[in-house]
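Trainee: Pasted the sequence and its predicted model underneath.
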2 protein chains.
Amino acid sequence: MKRKITLKHIASELEVSISTVSKALKNSDEISRDTKEKIQAFAKLYNYKPNNIAISLKNKRTKNIGVIIPDIVHHFFTTVFRGIEKYANTKGYNVIVCVSDESFDKEVINMEMLANGSIDGFIMALSAETQLKNDFNHLKEVMEQGIPLVLFDRITDEISCDKVVINDKEAAYMAVKKLINNGRKKIALITTESYLNVSEKRAQGYYQALKDHQMEIDENLVLRLPYQFEDEQESEVFFATREIDAVLCVNEIFAVRCMRHAQKRGLRIPEDISFIGFTDGILSRFASPRLTSVAQHGEKMGEVAAQMLIDKVENEVEEGKETFRTEVLKATLIERESTVN
Amino acid sequence: MKRKITLKHIASELEVSISTVSKALKNSDEISRDTKEKIQAFAKLYNYKPNNIAISLKNKRTKNIGVIIPDIVHHFFTTVFRGIEKYANTKGYNVIVCVSDESFDKEVINMEMLANGSIDGFIMALSAETQLKNDFNHLKEVMEQGIPLVLFDRITDEISCDKVVINDKEAAYMAVKKLINNGRKKIALITTESYLNVSEKRAQGYYQALKDHQMEIDENLVLRLPYQFEDEQESEVFFATREIDAVLCVNEIFAVRCMRHAQKRGLRIPEDISFIGFTDGILSRFASPRLTSVAQHGEKMGEVAAQMLIDKVENEVEEGKETFRTEVLKATLIERESTVN
DNA sequence: CGGGGCCACGAAAACGGTTTCGTGTTAATA
DNA sequence: TATTAACACGAAACCGTTTTCGTGGCCCCG
């Protein structure tokens, strides 16, 4: 087992000082050609690589970024993560992921773990519980310590920091408008309980679209389900007791489940009833019929978030002069078989 | 912006030495009651937390584990990751993820980045390209440096290290056996090109089951598709030109796509043709009909892998005395609507 | 009153680098 | 020949901890 070689080893082996070795390996012109060549050759031979930890300690930069997300077995979040990871990698950063599991406490614990020097900045989407509690002290702390923070998707207005979101409200608006233009009269909304920021925005778009097109808003056509629902009874009853000819769902799981309910009742999709979901993940592409869906462009979102973060990390700004941006990405509607053209 | 406070700050503020502060905060009984209380109170007031990087440098332990997987937008891998993250977290470890993107070069680069002190050990699944090239020098290097390594799912026999897999061959065998028991006569196999270790194992199980039940092996019923295939033509033709009454697919995407082909041709599932897939991800649960699938228990696999790794990390064994285990988890068949009981 | 032992604390090395500054040697210049 | 500048390198501080070892002061005992 050949242990990692250090500057000290090289120095003693070659009978020069540590500083000489360090400079030689950086090709400093303080060191003579001969010495440099000798040292570099030796280092190469023994495959010397500087110790990241030592470097981090020295320049107070870890080249790690911390990502905290509510869930990892989740298409959208992994998509965002991929974008983050890709961009970070091109900039020489590594990514440490922590999963909050939708729990406030875990979110806090994870942040504290990472905030003690392990990372240069955070990218995160708030846990459901955090949004529900409306407690953001852990974020404030981090900001006060001067650690850059970028929020994406699940954001809050309470914290001043960089943010990346999609135009949820407009996207929902456009989706509903499309349904209206297709002549749909009874458009339902399947959403989550209301504390989730994004669902709320999407619901707003739904209402707005109906209003703007002089359509009656019928609360009876709005179903709010628990975020992680296993029990399908409620949604089944919903479809059994209402006349609906189009449905907007705030995620694709809701959509796929509801399509099934409709099909079970003998409705044809999209002839009798149209469906539009959010997320455009794997389910949308493989459902039958394939689901028309609002693409959130997670990978792009991740890239943008990483870019904003690394920019902040590398270009420190004097106290009080920082400015925060909220980048709004445009969602796009991917039309498939669950709606008519 | 309140910058992070260090031992040095506390020491100078309280006019004691750094060592005294360090000891006081560890409740060393070398320090008097009074002094300890004073220091602890001060530290608490200013929310002192030791710097992880400094600690890492000191005891050559980062409390980070590196995970390298081929893809992150992938149900099985994220499931495994969740298991890893959960277990690691309970042990106070953080997880750094790198994505190889099925590329050999990226895998190597990522390993090298992390191997220079950033992590205490690796958990990884090999990229497709690595398996194809059959080049594992980067793994050997890491092992030689004494960095613990655990391979999961996509493993190789060329490297001696801890491994976690499922009993792919047996699982496939059982699945096919079930189809045979259901009276199926023309059982097809949809798999990937053969360099992927797991696909190969599953194919072996398929052949073995047919053989053991005196059924003819018909290579015409075996379709090998590129791992990431977009073009569906080949698989469509396959179904158009063969008489098949059951299909085993090495992943759920293949299964869902093929179910669609069958349905398009007017076949009823499972009456006319049965389907069994591998992975048991989100698609299996939401497909119509719901797909009978071999569950790989990714989360469990992740937990086991993390446990093996952390065990190795924390209980260093003298040179040459190490032993390596291969843990085989039992896959289970989740029966749904795509097969008959 | 002197020596031993304990208490409470500090100095310093170490982890593995980077970087500033100082210095001995040589060669060029006055 | 004396002065000086350039060159090539080393010493040491520093990043923030932990930990070993030393030591000054006090008390106790002979």
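Mentor: That came in fine, so what should we check first?
Trainee: Report the mean confidence score over the host helix or strand of residue A:21.
Mentor: Residue A:21 is located in helix A:18-25, with elements delineated by DSSP states H and E. Looking at helix A:18-25 alone, the average pLDDT works out to 97.
Trainee: Measure how far it is from the centre of its chain, please.
Mentor: 42 Å (CA atoms, centre = their mean, to the nearest Å).
Trainee: Look at stretch A:244-252 and report the distance between its end residues.
Mentor: With CA to CA, to the nearest Å as the measure, stretch A:244-252 spans 18 Å from end to end.
Trainee: What separation is there between the most centrally placed residue in chain A and DNA strand D?
Mentor: In chain A, the centroid-proximal residue (CA atoms, centre = their mean) is residue A:80; its distance is 4.3 Å. For residue A:80, the distance to DNA strand D equals 32 Å [CB to the nearest atom of the strand, to the nearest Å]. Yep, even glycine has a C-beta here, placed from its N, CA and C like the rest.
Trainee: The stretch 201-341 of chain A against chain B: which residues are in contact?
Mentor: For the stretch 201-341 of chain A, the residues in contact with chain B (CB under 8 Å from any CB of the partner chain) are A:253, A:256-257, A:260, A:263, A:282-283, A:286-288, A:319.
Trainee: Make a ChimeraX selection of whichever of these turn out to be buried.
Mentor: Here is the ChimeraX selection string for the buried members of these, based on 16 or more other CB atoms under 10 Å in any protein chain shown:
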select /A:253,256,257,260,263,282,283,286,287,288
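Trainee: Which entries in the residues of the stretch 201-341 of chain A next to chain B are shared with the contacts of DNA strand D?
Mentor: Among these, not one lies near DNA strand D by CB under 7 Å from any atom of the strand.
Trainee: mind listing which of the residues of the stretch 201-341 of chain A next to chain B are in helices?
Mentor: Among those, DSSP state H puts A:253, A:256-257, A:260, A:263, A:282-283, A:286 in helices.
Trainee: which of the residues you listed sit farthest apart?
Mentor: By the measure CB to CB, A:263 and A:282 form the most distant pair in these, at 19.7 Å.
Trainee: As PDB, could you dump the C-alpha coordinates of stretch A:53-64?
Mentor: Once non-C-alpha atoms are left out, stretch A:53-64 reads as follows in PDB (Å, rounded to 0.1, in the frame of the first residue of the first chain):
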ATOM      1  CA  ILE A  53      -7.900  19.500   2.600                       C
ATOM      2  CA  ALA A  54      -4.700  21.300   3.200                       C
ATOM      3  CA  ILE A  55      -5.400  23.600   0.300                       C
ATOM      4  CA  SER A  56      -8.900  24.200   1.500                       C
ATOM      5  CA  LEU A  57      -7.600  25.100   4.900                       C
ATOM      6  CA  LYS A  58      -5.100  27.500   3.500                       C
ATOM      7  CA  ASN A  59      -7.200  29.400   1.200                       C
ATOM      8  CA  LYS A  60     -10.500  29.000   2.900                       C
ATOM      9  CA  ARG A  61     -12.100  27.700  -0.200                       C
ATOM     10  CA  THR A  62     -13.300  24.100  -0.300                       C
ATOM     11  CA  LYS A  63     -14.400  23.900  -3.900                       C
ATOM     12  CA  ASN A  64     -17.400  22.100  -2.600                       C
END
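Trainee: what's that stretch in contact with?
Mentor: Residues from elsewhere that reach stretch A:53-64, judged by CB atoms under 8 Å, 6 or more residues apart in numbering or on different chains: A:52, A:92-96, A:117-120, A:313, B:51, B:53-54, B:56-57, B:62, B:96, B:117-118.
Trainee: Near DNA strand D, list only the ones from those.
Mentor: B:51, B:53-54, B:57.
Trainee: Throw the residues you listed into TSV and include secondary structure, thanks.
Mentor: As requested, those are exported to TSV (DSSP: H, G, I helix; E, B strand; the rest coil):
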residue	secondary structure
B:51	coil
B:53	helix
B:54	helix
B:57	helix
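Trainee: By neighbours, which of those residues wins?
Mentor: Highest neighbour count within these: residue B:53, with 23 neighbours (other CB atoms under 10 Å in any protein chain shown).
Trainee: now it: how far from residue B:11?
Mentor: 19 Å (CB to CB, to the nearest Å).
Trainee: And residue A:316, by the same measure?
Mentor: Per CB to CB, residue A:316 is found 27 Å from residue B:11.
Trainee: Neighbour count: these two, which is higher?
Mentor: When neighbours are counted by other CB under 10 Å, residue A:316 and residue B:11 differ, and residue B:11 comes out ahead with 17 against 10.
Trainee: From what I see, the more buried one and residue B:18 are in contact.
Mentor: Yes. If you go by CB atoms under 8 Å, residue B:11 and residue B:18 touch, sitting 4.6 Å apart.
Trainee: Sketch out the strands for the stretch 151-300 of chain A, chain order is fine.
Mentor: Assigned by DSSP state E, counting those that start in this stretch, the strands in the stretch 151-300 of chain A fall at A:162-166, A:187-192, A:222-225, A:246-249, A:274-279, A:292-295.
Trainee: quick one, which of those is nearest to residue B:72?
Mentor: strand A:274-279 (16.4 Å).
Trainee: ok but residue A:96 is inside a strand, no?
Mentor: Yes. Assignment of residue A:96 by three-state DSSP places it within a strand.
Trainee: Could you tell me which residues of chain A lie near DNA strand D?
Mentor: Within chain A, the positions near DNA strand D by CB under 7 Å from any atom of the strand are A:15-20, A:29-35, A:54, A:57-58, A:60.
Trainee: hang on, the earlier thing: farthest pair within the residues of the stretch 201-341 of chain A next to chain B?
Mentor: Longest span within these, CB to CB: A:263 and A:319, 59.8 Å.
Trainee: Residue A:2: neighbouring residues, count only.
Mentor: Counted with other CB under 10 Å, residue A:2 comes out at 10.
Trainee: show me where pLDDT drops low in the stretch 1-150 of chain A?
Mentor: Within the stretch 1-150 of chain A, no stretch has pLDDT under 70.
Trainee: bridging residues for the residue of the stretch 151-300 of chain A found nearest DNA strand C?
Mentor: Across the stretch 151-300 of chain A, the shortest distance to DNA strand C (CB to the nearest atom of the strand) belongs to residue A:162, at 27.9 Å. Counting by DSSP bridges, residue A:162 is bridged to residue A:150.
Trainee: How many residues are close by it?
Mentor: Per other CB under 10 Å, the neighbour tally for residue A:162 reads 25.
Trainee: hang on, it packs against residue A:322?
Mentor: No. Taking contacts as CB under 8 Å, residue A:162 lies outside contact range of residue A:322: 9.5 Å.
Trainee: hey, what's in contact with both of these two?
Mentor: residue A:312.
Trainee: What ranges does the stretch 101-250 of chain A have for its helices?
Mentor: In the stretch 101-250 of chain A, the segments counted as helices under DSSP state H, counting those that start in this stretch are A:104-115, A:128-133, A:137-144, A:168-181, A:197-212, A:233-240.
Trainee: that older thread, quick check: ChimeraX command selecting the buried ones in the residues of chain A next to DNA strand D.
Mentor: Here is the ChimeraX selection string for the buried members of the residues of chain A next to DNA strand D, based on 16+ other CB under 10 Å:
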select /A:16,20,31,54,57
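Trainee: on that earlier part again, could I get the contacting residues of the residue nearest to the centre of chain A?
Mentor: Counted by CB under 8 Å, 6+ apart, residue A:80 has contacts A:69, A:125, A:152-153, A:298-299, A:301-302, A:305.
Trainee: and it, that's in a strand?
Mentor: No. Applying three-state DSSP, one finds residue A:80 to be helix, outside a strand.
Trainee: gap between it and residue A:113?
Mentor: From residue A:80 to residue A:113 the distance is 21 Å (CB to CB).
Trainee: Restrict stretch A:297-317 to CA atoms and write it as PDB.
Mentor: The C-alpha trace of stretch A:297-317 is given here as PDB (Å, rounded to 0.1, in the frame of the first residue of the first chain):
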ATOM      1  CA  HIS A 297     -36.400  22.400 -17.400                       C
ATOM      2  CA  GLY A 298     -34.800  21.200 -14.300                       C
ATOM      3  CA  GLU A 299     -31.400  20.800 -15.700                       C
ATOM      4  CA  LYS A 300     -31.300  24.300 -17.000                       C
ATOM      5  CA  MET A 301     -32.500  25.400 -13.600                       C
ATOM      6  CA  GLY A 302     -29.600  23.600 -11.900                       C
ATOM      7  CA  GLU A 303     -27.100  25.100 -14.300                       C
ATOM      8  CA  VAL A 304     -28.300  28.600 -13.600                       C
ATOM      9  CA  ALA A 305     -28.400  28.000  -9.900                       C
ATOM     10  CA  ALA A 306     -24.800  26.700  -9.900                       C
ATOM     11  CA  GLN A 307     -23.700  29.500 -12.100                       C
ATOM     12  CA  MET A 308     -25.200  32.100  -9.800                       C
ATOM     13  CA  LEU A 309     -23.700  30.400  -6.800                       C
ATOM     14  CA  ILE A 310     -20.200  30.000  -8.100                       C
ATOM     15  CA  ASP A 311     -20.300  33.600  -9.300                       C
ATOM     16  CA  LYS A 312     -21.000  34.800  -5.800                       C
ATOM     17  CA  VAL A 313     -18.400  32.500  -4.300                       C
ATOM     18  CA  GLU A 314     -15.700  33.600  -6.600                       C
ATOM     19  CA  ASN A 315     -16.500  37.300  -6.800                       C
ATOM     20  CA  GLU A 316     -16.800  38.400  -3.300                       C
ATOM     21  CA  VAL A 317     -18.500  41.700  -3.000                       C
END
